[in-house]
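# Show me the folded form of this:
(one chain, ligands or ions: 2)
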Amino acid sequence: MELKKGIPVSPGIVIGQVFVLDTEEIRIPQRFIEKEEIDPELARFECAIVLAEKNLAREIKKVGKKIGVASQILEIHHQLLRDSILQSEIQKGIRENQYTAEYAVSRVLNRYIKQLQSMDSPIIAERIHDLYDIERLILNTLLGGRVETLQTLEESVVLIARNLTPSQAASLDPKLVTGFATDVGGKTSHTAIMARALGIPAVVALENISTSVAGGDVVIIDGFRGVVILDPDKRTLAEYRDKVQDVERVAIRLKKQIGLVSETIDGYSIDVKANIELPQEVHSAVSLGAAGIGLFRTEFIHLDSARPDEEFHFNHYRAVLRELGDQPLTIRTLDLGGDKSTDEFAFNEENPFLGCRSIRYCFSRPDVFRVQLRAILRASALGRVKLMIPMIGAVSELEKAQHMIEQVCEELQSEGIAYDPDIEIGMMVEVPSAAITADMFASRVKFFSVGTNDLIQYSLAVDRTNEHVAELYDPVHPAVLRLLVQTLDAAEKSEIDVSLCGEMGAEPLFLPLLVGLGFRCLSVTPQRIPEVKQVIRSIQVNEAARLADRCLAMCDGFAVTRELRDWSRQNLPDIGYVW
Ligand code: PEP
Ligand code: MG
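Ligands and ions are numbered 1, 2, ... in the order given. Here you go, the predicted structure:
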């Protein structure tokens, strides 16, 4: 048995068999062989090459006359297959490191791929695709009919990977992938957010988990404590089976919150809305009692389809509105970039979170932006739609976006297409410059939504996805609290709505502080709504305000966290299991 500690990013406990996501979603069932298996393994590899060559030769013959380019590509693959350096490196891996043939192929080709990726050239990018193809080809041959991919899983597994992109996470089927653990990542990365949205336990930043397990191993993922237990002994398994039952009991208790009003003990109403990434989440948001959608992260529409057109966008928004009835839907315009990119939208940047992300990207691609704006505005004729612009850092940016929206409105008007002329336009406050000058923005928008995930990373200079600096990512750092106060004050003076849609809004520990600071609207992952409501219903606003005052006077985040822990232990005894 071995226990590995990482960062808990999605609560829950799961015990299951491992599926290692090694390469392009092909499962490598075993990594190492015994000494006496080396020669047969080398022979197996050689047979696989011969077979792959034969298959390829057949393909070349088939497409040859019809499609010239395709046959050229296949020819390149053929040459790569025969490449003696590549072959001897793979053989060396089998002979010297006792790798299985599959694992040796995957390691060697991945090393080449990484080298090419670092060269950042479109011509070389093509060669990377070739190497991926070759890898798939040999692996498919080696694994024969046993190729198992994420798409062909038949039994539930626990996914272990070096990294998962947000779009890979978005495509997981929670019935089959019951939890995941990765080597890298941070608590507010979009992959982590996706795990919470899917309601599957997850732990990240485990450093080398992906090379410490093999397919079929049994592991426990504890998404509360951020622990993964490899090869658990009988006692640990029994303990964790009990814990799973405890979690189920708590979940049943929490469900009772769904029909209750979201109100503090002293009668202040706190709106709890849902953050969604995919339209299919809206159903659970509504059934878990969300008072509307406070954040629809529409970039996942782009991760889903290479080039979504206006209809594709519109159909997504219409589907969400249908489920929502007369509840409001806040659609955030594209926030691509940062940790969210696709083959189509690849951003080769040194510092992607400080680069051409979000509204900056939309300004650089007005064609892409306009398509989405048209779809949002058309949807506004069907329900209570609000339009929200992310990553605004300067008034000029806001005005530029507003100008583009006006142009699209005029366009729709001249085409006789319906939209809501009074649609509320608001902005995310997630860049420190926007929070510091919130008064200048407040008179220009209808609402603010504070994106603490980014506000924290940008104000503390801590990459939200980087496990090496995760300790510095402090939601209650005095600087962050002051930015929250400034934003709330500006919103109050201009009498505009303000909500908070970052992940800290779903943390029971922070809720009394946020309510005490003055937040009356939160938007959180749907699965967290019952728990958030339960905390809200245990708070008295005047006490929370005094707590907030004490926190604001503290000059370090650790002291604030201690204060919040003590307060919660005394005032929220029922909910203490979470921490
Ligand atoms: C945020 O930054 O807090 C936010 C809600 O947006 P995202 O997590 O999508 O960047
Ligand atoms: Mg953000």
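
# According to the record, where do the domains of the chain fall?
Domain assignment of the chain by automatic domain parsing yields the ranges 2-25+150-250, 35-145, 259-427+498-571.

# Is ligand 2 within reach of the first one?
To tie it back to what came earlier, the one meant is domain 2-25+150-250. No: Domain 2-25+150-250 does not reach ligand 2 (Cβ under 5 Å from the ion); its nearest approach is 8.6 Å. All C-beta spots, glycine's among them, are computed from the backbone N, C-alpha and C.

# now do the last one
No: if you take Cβ under 5 Å from the ion as the test, domain 259-427+498-571 misses ligand 2, and the best it gets is 5.9 Å.

# Run the chain-centre distance for that domain.
Per Cα atoms, centre = their mean, to the nearest Å, the displacement of domain 259-427+498-571 from the mean C-alpha position of its chain is 14 Å.

# Ignoring the adjacent residues along the chain, who's closest to L172?
If the residues on either side of it in the chain are set aside, L172 comes closest to L198, at 6.2 Å by Cβ to Cβ, 6 or more residues apart in numbering.

# Equivalent analysis for P11, please.
The shortest distance from P11 to any non-neighbouring residue, by Cβ to Cβ, 6+ apart, is to G223 (4.8 Å).

# ok, the one you found - how many residues close by?
24 (other Cβ atoms under 10 Å).

# Can you pull the phi and psi angles for it?
phi -80, psi 0 (degrees, to the nearest 10).

# List the contacts of it.
Shown in contact with G223 (Cβ atoms under 8 Å, 6 or more residues apart in numbering): P8, V9, S10, P11, G12, I13, V14, G179, P201, A202, V203.

# Confirm that I160 sits in a helix.
No: under the criterion used here (DSSP: H, G, I helix; E, B strand; the rest coil), I160 is strand, not part of a helix.

# Surely it touches V20?
Yes: between I160 and V20 there is a contact at 5.1 Å, judged by Cβ atoms under 8 Å.

# mind putting the contacts of G223 in TSV, secondary structure included?
Formatted as TSV, the contacts of G223 follow (three-state DSSP):
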residue	secondary structure
P8	strand
V9	strand
S10	strand
P11	coil
G12	coil
I13	strand
V14	strand
G179	strand
P201	coil
A202	strand
V203	strand
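
# who wins for neighbours among these?
A202 (32 neighbours).

# Tell me the secondary structure at the spatially closest residue to D309 that is not a sequence neighbour.
In this structure, D309 finds its nearest non-sequential neighbour in V371, 6.4 Å apart by Cβ to Cβ, 6+ apart. Here V371 is recorded as helix under three-state DSSP.

# Run through the residues of the stretch 351-500 of the chain sitting next to ligand 1.
E430, G451, T452, N453, D454 (Cβ under 6 Å from any ligand atom).

# Show the pLDDT at the first one.
It stands for E430. Predicted confidence (pLDDT) at E430: the value is 98.

# what sits against it?
P390, M391, V450, G451, T452, N453, D454, L455, Y458, G502.

# Same question for the second one.
Taking Cβ under 8 Å, 6+ apart as the contact definition, G451 lies against P390, M428, V429, E430, C501, G502.

# Run a quick neighbour tally on the residue nearest to the last one when sequence neighbours are not counted.
Taking Cβ to Cβ, 6+ apart, and ignoring the residues beside it in sequence, G502 has T452 as its nearest neighbour in space, at 2.8 Å. T452 has 23 neighbours, counted by other Cβ under 10 Å.
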